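S.K.: Build me a structure from this.
(2 chains)
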Amino acid sequence: DGGITQSPKYLFRKEGQNVTLSCEQNLNHDAMYWYRQDPGQGLRLIYYSQIVNDFQKGDIAEGYSVSREKKESFPLTVTSAQKNPTAFYLCASSMGAFNEKLFFGSGTQLSVL
Amino acid sequence: SQQGEEDPQALSIQEGENATMNCSYKTSINNLQWYRQNSGRGLVHLILIRSNEREKHSGRLRVTLDTSKKSSSLLITASRAADTASYFCATVPISGGYNKLIFGAGTRLAVHP
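M.R.: Residues are numbered from 1 along each chain as shown, chains lettered A, B, ... in the order given. Below you'll find the predicted structure:
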């Protein structure tokens, strides 16, 4: 089945540690996105990529990094510089027309130990 | 800053009743989309309405768009317990330097059997 796979579903970060969230899609979509969702709130854009080897900062990129070495993969690293990382992280993708219908993964809940 | 704001924040109804959720936005848009999110899961795209459209239907869903009032509504007819979820509107502003999808904080819908 085509879709977006995020892993792990739950992740715990220790003080000063970097952690990486995985996002893989087999929809052959050009564009991929990372959003952060805090309880009771909407989604905020962290990073997005329209094409392989290219990505742009969203509204809340500080403390995060990404790479887009393959069309299928868009991993997100939450660095130790992100002081409030506890949130639900959602990866999404869309076809070539940027910001048309988005397909979402099932999310990763990141918590701080 | 949030472009879209949903109203009400929470809605509780009985099965069989209709549910209406509203979304207001601030700047001119290319299109407006509605998404659904079950608790702890990713978002699912419901419907997209473009700025030159006034109404769209999909099954039990009816979406209207009033660009003069910068508002949209989502109507779910004959609601079911399975419709219990959070519903988000998202807009693609025309201006802003880059094309992105901005989400509101959502309406939490509870449908009671």
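S.K.: shaky segments in chain A?
M.R.: Residue ranges of chain A with pLDDT under 70: A:1-2, A:96-99.
S.K.: Show me what from chain A comes close to chain B.
M.R.: Contacts of chain A with chain B, taken as Cβ under 8 Å from any Cβ of the partner chain, map to A:4, A:6, A:35, A:40-45, A:48, A:56, A:58, A:88, A:90, A:92, A:98-107, A:109. Every C-beta, even on glycine, is put in place using the N, C-alpha and C of the backbone.
S.K.: Filter those residues down to just the ones in strands.
M.R.: Within those, residues falling in strands by DSSP state E are A:4, A:6, A:35, A:43-45, A:48, A:56, A:88, A:90, A:92, A:103-104, A:109.
S.K.: And the residues of chain A next to chain B, which of them are buried?
M.R.: Listed as buried from the residues of chain A next to chain B are A:4, A:6, A:35, A:42-45, A:48, A:58, A:88, A:90, A:92, A:98-107; burial here means 16 or more other Cβ atoms under 10 Å in any protein chain shown.
S.K.: Leaving out the residues flanking it, which one is nearest to residue 29?
M.R.: Let's take chain A. residue A:93 (3.9 Å; Cβ to Cβ, 6 or more residues apart in numbering or on different chains).
S.K.: Can you look at chain B instead?
M.R.: Among residues not flanking residue B:29 along the chain, residue B:91 sits closest, at 4.6 Å (Cβ to Cβ, 6+ apart).
S.K.: list the helices and strands the helix or strand hosting the one you found packs on?
M.R.: Per DSSP states H and E: residue B:91 is located in strand B:85-93. When contacts are defined as 3 or more Cβ pairs under 8 Å, 6 or more residues apart in numbering or on different chains; DSSP states H and E, strand B:85-93 packs onto strand B:4-7, strand B:19-25, strand B:29-37, strand B:71-76, strand B:102-103, strand B:107-112.
S.K.: can you rerun that using 10 Å?
M.R.: When contacts are defined as 3 or more Cβ pairs under 10 Å, 6 or more residues apart in numbering or on different chains; DSSP states H and E, strand B:85-93 sits against strand B:4-7, strand B:19-25, strand B:29-37, strand B:43-50, strand B:71-76, strand B:102-103, strand B:107-112.
S.K.: Once you drop chain neighbours, what's closest to the most centrally placed residue in chain A?
M.R.: When Cα atoms, centre = their mean is applied to chain A, the residue found nearest the centroid is residue A:34 (3.0 Å). Leaving aside its chain neighbours, residue A:34 sits nearest to residue A:46 (4.3 Å; criterion: Cβ to Cβ, 6+ apart).
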